[in-house]
Structure formats: C-alpha cells, structure tokens
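Undergrad: build me a structure from this.
(chains A and B)
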There are 2 protein chains.
Amino acid sequence: MKELLAQRVNPDVSSALSGLFPQDPNPTAITFAAGSPNEKLFPVKEVQAAFNTAIEQEGAHLFQYQSSQGNPALRQKLADRIAKWGNVTTTAENVLLTVGGQQGVELVAKALLNDGDDIAVEVPTYIGALAAFDLYRPRYHAVGLQPDGIDLDQVEATMQRYPHTKLLYTVPDYHNPTGITMSVDKRRKLVELANRYNFVILEDTPYRDLGYEHAPLPAIKSFDTEGRVAFLSSFSKIMMPALRTGWLVADGELLQAILKMRLASDLEATGVTHAAINAYMDHNDLDAHIRAMNDHYRQQRDAMLTGLRDYFPDEATYTKPAGGFFDWVTLPKGIDAGQLMLNVISPDAHVTYVPATNFYPNRDVHNALRLSFSGVDPATIDAGMHRLGDQLKAAVRQVNPVI
Amino acid sequence: MKELLAQRVNPDVSSALSGLFPQDPNPTAITFAAGSPNEKLFPVKEVQAAFNTAIEQEGAHLFQYQSSQGNPALRQKLADRIAKWGNVTTTAENVLLTVGGQQGVELVAKALLNDGDDIAVEVPTYIGALAAFDLYRPRYHAVGLQPDGIDLDQVEATMQRYPHTKLLYTVPDYHNPTGITMSVDKRRKLVELANRYNFVILEDTPYRDLGYEHAPLPAIKSFDTEGRVAFLSSFSKIMMPALRTGWLVADGELLQAILKMRLASDLEATGVTHAAINAYMDHNDLDAHIRAMNDHYRQQRDAMLTGLRDYFPDEATYTKPAGGFFDWVTLPKGIDAGQLMLNVISPDAHVTYVPATNFYPNRDVHNALRLSFSGVDPATIDAGMHRLGDQLKAAVRQVNPVI
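TA: Got it, this is the predicted structure:
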C-alpha cells in the first residue's frame, strides 16, 4: 500500500499535530501542553438556547444544502466586527466561514502553493500551520521574531534572496507559541513589503480578542491596499472549539481562488452551527462574554509569569505575553527540552509542555518550550510551575556544573 | 495576483460545482437540476431534541476540542450499521467522520495522488468527485457503465495499459448521475482486479439506503481482503445535508494516511453535530425514518419514469433507477443538452437539469442530461416533464427533420 500513497503523506514522519499531548494517568499530572480553552468559561446554556432559536426560526430549510461561503447574516456580523475591532473595511461578500481556523490556513496554502514553492514563516510558528503547509511541500524560509513582532529586515532579506516567495505566514496577536504581538508600525511596513515584493500575507489571529492589557490592534489587513492580505480568525478561542467555525476575509482573485478550493474540498461548512452562532450573537453580548473570559485568563497568565519568576532557573529567559494562551521559555543551549520532558520531567514530575522542535519547519531548535496557561487554574499553575522549575534548575546545573 | 495562484486553481476554468443550478425567478420554474433531498422529509423536531439531549448530557466538554476521527459512540453505530446493511466486518477504529461525503473524496485523493498520477473513473460520474480529484491534477482514464454497473473489461484494459493507476472511483449504488446499481458479482470481481493490478477502490455510496425495490446490496468493501477499498457514505441524504457528516471506512496504512491528511486539513469535524446524530440514533429508529422517506421518493421516481414514457421523444433513451435521486437521459447525437437548456428550455419553458458535459472529466459528451426527482413532488414532476418533453421533441425534430 505504501507505494500507492502520495508523497505529501510522508508516512515515515508523524504529523506535527499528532502525539503532541501525551496522556499521563498519574493523578497529580499537570499539563501546560494543550492550547485548549478553559471549558469552565464556555457559554453552554446560551449556545444551547441559540441552537433552539435557530432551528425554530428557520425550520427544515436550515438543514438543507446552504451556501459554500456560509450564513450571510453571520458573515455580515463578522464584517462589522472586524471593522470595529480591527479597523478593516470590508463586506459580508468578502467573508468565508471555514471549518475552524485550520481549514482557513489549508485553503490559503491550497490556493497558492505548487510543489516546492517558496514561503516565509515566523520561527517558531504554529504547528498546525506547518502541518497544513507541509501538504503542499513548500520550501520554507524562516524569519525570526523580535519583542515587537516579526523581524522586517529578515523579511526583506528573504524576499531579495528568494524573489518568488509567494506567501508569508504570521500570527501577529499573542503569537502561538511565543505570545509576542506585532507593533502597529510593523503591520503597516509588512504590507509595504508585500506590495513591493509581490507576496501574500496570511494573517492568522485566533487570539486577537484575548488581550489582557489593551484593546485589539488594527489588523494587518487594515493596511492592505492591493488585496494581498488574507485575514483569518476563529470562534474556537472566544466561544468554543467544537463549533468548528473559523472565518477568513480576503479580496478579489485571491478570494475567488480560495472559494473554489473550498467548494472542491468539502462543499460547505455546517449551516446549523453558523445559524446558532448568529442567534447567539443576536441575543448575547459576545464582547461582554470575552471581557469576563479575559478576566480569568489574565489571572492564569499572571500565575504563570509569577511561577516563571519565582521557580525557574535564572538561566531561562521567557516572554511576557499581553494576551493569548502561551509563554515561550528559552533554556541554555545544550538542553534538549524534548528529551528532558520525555525522559525526566514527565515520568518524575508529571508535568508536560510542548518542546520547541515542533514549532520549527526544520525541527532544528531544541532548547526551548511552549507553556500554555489557558486550560489550568492559577493554583494548579503555581503547583505545576514549582515542580517544572525545580526540574529545569536541575537540568541547568547538569549543563553548567558549579565548579 | 493571478501569477501567485497555484496551478490547481486554474482560474480560467470555473469549478464544475459552481453555477450548476441557475436561479430562474419565473414563478412557474421547475428544476430537475439540484440533487438536494426533499426538505419536507427532514426529521427537524427529532434532531432539535437530539441537539438538546447531547448538550444536556455532555455539557461543556462537548464543546471542547474532541478527536480528529470523530465521536466514538457514533463511529461504533456506523460500524454496526455497515455490518448489518453492507456485510462489512469492521470496527469503530476504522471509521472516520468527515465534513460530508465531499471531504471523504478529497481526503482519499489527497492521500494517494501526486500531480499527474493515473486514476480511473466511471463516465459519467459525480461532479463533486471530479472537482476534488482536479485539485491533485491526475490523468483521468474513463471507464464506461453498463446496466449492471461498471464495465469490468474496460477496467482491466485500463489497468493493463496504465499499470500505475492508483485509484478507481465508483458510485455503485443508484449511481450519480445515472441511477445504475453495480451487481454483486461485479463488486466481487472489481476487488479481484484491484488485488491483481494493485489499485485502491473508492466506493462512494451516499444513496445506498435509498432503494425503492430491494434492500441494500453487500458493499464492495465487504469483498475487500487487502485493505484496498475505502468505503464512503453520508448522513446528507438519509437525514440532512447541513449536518455535514460523512463517514469513511478504511484499513491499515490507507486509513493512517487519510487520518494524517484530515488532521492537517481541518483538525476535526463538528463534535456537537456528531453527538446530536448519535443521540438521534439512540432515541429514534433511523431505518424506520428511511423507509418512510423511501415511500415518498419512490412516488417521485415513478412520476419521473411515467413522464419519461409519456412525454419524451422516442429517440431519447433513459435509465430506470431502483433507488437514489437521478435519471440519465441520452438524446440523439447532435443535440447539445447544455446549449439547448441555456438558450431555449430554461428561457422558454422554465425547466432546468444538469447537462452531460459536467459529468465527464474531459467535458466531451454533450447529448445527455441528468434529471433529479428528489426535490420535486409528483404533480410538479408531471408538469415539468411535460414541458421538458415537448421541448426535447422539438429539438429532436430539428436534428432529424421529417422528410
């Protein structure tokens, strides 16, 4: 059978997305690995009511084949929403509802990439995006991150060296995995570079509403003058993942290409769910829900930053996210965070995280890790960070023995 | 922008799936084009209750990230179902829930096809499958249909001539667009050919439960001895399309490859909907629903066959489907069913259908058309067939003038 499989399957390499989150049956186990939202914050009753409202209002026709682009009323709400919170002027006709943000990434890749095409990605970057891009076997060019976001000099150097680069992928808000946010000035300049060097920007921003310090910044898409930016967000983090509803904003030929790929891939997404989200937004204040949720996540973020300060070795450096779910910790060179977790920290201390290698297209960085605070309450974060910090201190001592 | 798009987008050729169903605002318009199920037969109240049951039983966790493969209880029910009705022995671990049947086709194509790979398809065949395959730019080999299904001599000749053919796509039950059903004997022999010539069979069977003359036949998958058959079905026709839930049964390396593609494409399908379908099946008799539905569709099918007999020109030949949604009509050579509909029948008689060209990978057959009886009640079918028959008689007279 193996000889019949497509090259993209690459059966000898497991998906970057699979096996990420090892199950530890130990009752004291604490995981900072999964980037899942906190279930306790889900508006379950309101969403149940919204399903009933949608079904009662629309009846049988709601369950018929709908449109490939998705529920028009919900698309209008999203166009209004990104105008209000992201300074993007657009229309419902430019919005496509996707099966989670993941499908949005896959569709943009599908619409742009031939085998071996050049693309630029931030490093580290979102694992699921790498998995989607891998399907189209691109040549990756890595661009570093600075505290105010992507390194524009590296972007420009990449485009000069690889002038056929078609796509740059970025997570500008509370970046996964580092928590970094791109400055407004860099957003504007990144679009200028896209215009100058003729590439598309995929702005993937599932966390943009989850800010714990300030309102959302203008989207990169708000500076787009040539239809070069595909904006992508999702209801997974601000409502619930199992609604499987992402949304993409694009223009012109790029939008048409994405729509064509969508139609051929799965025809359309779940009309019932879209109508339920629309009814939820009619009868509830989504922004009030997000504010209440952010009050919780802020405490979780603070507990993690306190743990980093109090328990981690001085040799470890870490980011200070102003929102989102993640913190990125860099350890001294010579420590392999993956091996350490697998062989020592998970079996002995029953704490897990995601090692750095998964976030790099070439899997060539080992001395860093992603911590997620989204699924764990502050007391558990404190306990887990204490145990993890002790383990990392021991590991650092082994690398740098005190003489 | 065009120069940045992938070759698969082929922006100069519109998707086979788009623009299929022109909207005619005339109040007397009748469409035999759309293959949509009859909304009046949807179990709306029961499905609404099932959403409530699922949400109340599982609570917040139902809305969390679930599994990429889909709800285990529903997968077990589907494994049992295909054992009972298709003679396939399998397990829940071999079932994958997809976003409609369409995603199942796309994932199998994605798991198997490199650019330019050889695949075999029945002609005519399902438009959406061609759209999904087109994404992977295969070399198509057309295999004809006989009254008892695929022409096995042509299959064998194709495999001898193109020994690297990886995939054969077939709709064995109440075929879209012809309504033909493959005999049990041919199913067994097709698997023998797959074993001998080393190819995969994609058995796409969304209509298998919609038989108006007999119980479903054993699936092609039931004869599979080497894990070469991917079986695909869907809830779109037996329950409702907007549930967007298809299901795929596969084995071994092929299943693993498909799962990997799925994870990278959209992570997972809608857990809430899966749980609702599962609750529906717990509290309702799906087979009783299907029987009641089939009583209606049988009347619609009969009305169409009566119309074909009474109103169509003698020069037209047509199939006699024992189930499903479709009838296939062949006109004398020299009649272009697409041009005829666009220029004459739709504007003058306000009746629409899908012209043959859409169902051929090379779009090279013009003198045939697909009629769907699924969305139209018997009286409307009679009226529409009368108008359509008159038009076709006139068209035939023009081609074969009486001397």
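Undergrad: for A:R188, which non-adjacent residue is spatially closest?
TA: Leaving aside its chain neighbours, A:R188 sits nearest to A:F223 (4.8 Å; criterion: Cβ to Cβ, 6 or more residues apart in numbering or on different chains). Just so you know, the C-beta spots here come from the backbone N, C-alpha and C atoms, and that holds for glycine as well.
Undergrad: need phi/psi at that neighbour.
TA: phi -100, psi 0 (degrees, to the nearest 10).
Undergrad: my read: it touches A:L193, true?
TA: No - here A:F223 lies out of contact with A:L193, judged by Cβ atoms under 8 Å, at a distance of 11.1 Å.
Undergrad: who has more neighbours out of these two?
TA: A:F223 (21 against 18; other Cβ atoms under 10 Å in any protein chain shown).
Undergrad: check contacts around the more buried one.
TA: Applying Cβ atoms under 8 Å, 6 or more residues apart in numbering or on different chains to A:F223 gives the contacts A:187-188, A:190-191, A:229.
Undergrad: which pair of those spans the longest distance?
TA: A:R188 and A:V229 (11.7 Å; Cβ to Cβ).
Undergrad: neighbour count: those two, which is higher?
TA: A:V229 (28 against 13).
Undergrad: ok, now which ones touch that one?
TA: A:V229 makes contact with A:191, A:194, A:200-201, A:203, A:219-221, A:223, A:250 under the criterion Cβ under 8 Å, 6+ apart.
Undergrad: for those, which one is nearest chain B?
TA: A:V200 (6.0 Å; Cβ to the nearest Cβ).
Undergrad: going along the chain, name the helices of chain A.
TA: With helices called from DSSP state H, chain A shows them at A:44-58, A:72-86, A:100-112, A:127-134, A:152-161, A:184-197, A:252-266, A:271-283, A:286-311, A:337-340, A:378-399.
Undergrad: tell me which of those helices is the most buried.
TA: Of all those, helix A:100-112 has the most neighbours on average by mean count of other Cβ atoms under 10 Å in any protein chain shown, namely a mean of 28.
Undergrad: in chain A, where is pLDDT below threshold?
TA: Across chain A, the ranges flagged by pLDDT under 70 are A:15-22, A:402-403.
Undergrad: one step back: pick the one among the contacts of A:V229 closest to A:A120.
TA: A:I201 (9.6 Å).
Undergrad: how near is the closest one to A:R188?
TA: For A:I201, the distance to A:R188 equals 12 Å [Cβ to Cβ, to the nearest Å].
Undergrad: go on, A:S346?
TA: Separation of A:S346 from A:R188 (Cβ to Cβ) stands at 44 Å.
Undergrad: now A:E58: closest residue in space, sequence neighbours ignored.
TA: For A:E58, the spatially nearest residue (Cβ to Cβ, 6+ apart) is A:A275, at 6.1 Å.
Undergrad: wait, A:N114 touches A:L167, no?
TA: No - if you go by Cβ under 8 Å, A:N114 and A:L167 don't touch, sitting 11.5 Å apart.
Undergrad: looking at those two, which is more packed in?
TA: Taking other Cβ under 10 Å, A:N114 and A:L167 do not tie; A:L167 has more neighbours (24 against 15).
Undergrad: dump the residue contacts of the closest residue to that one other than its chain neighbours.
TA: Nearest residue to A:L167 in three dimensions, chain neighbours excluded: A:I119, at 4.5 Å (Cβ to Cβ, 6+ apart). By Cβ under 8 Å, 6+ apart, the contact list for A:I119 reads A:113, A:133, A:138-141, A:165-169.
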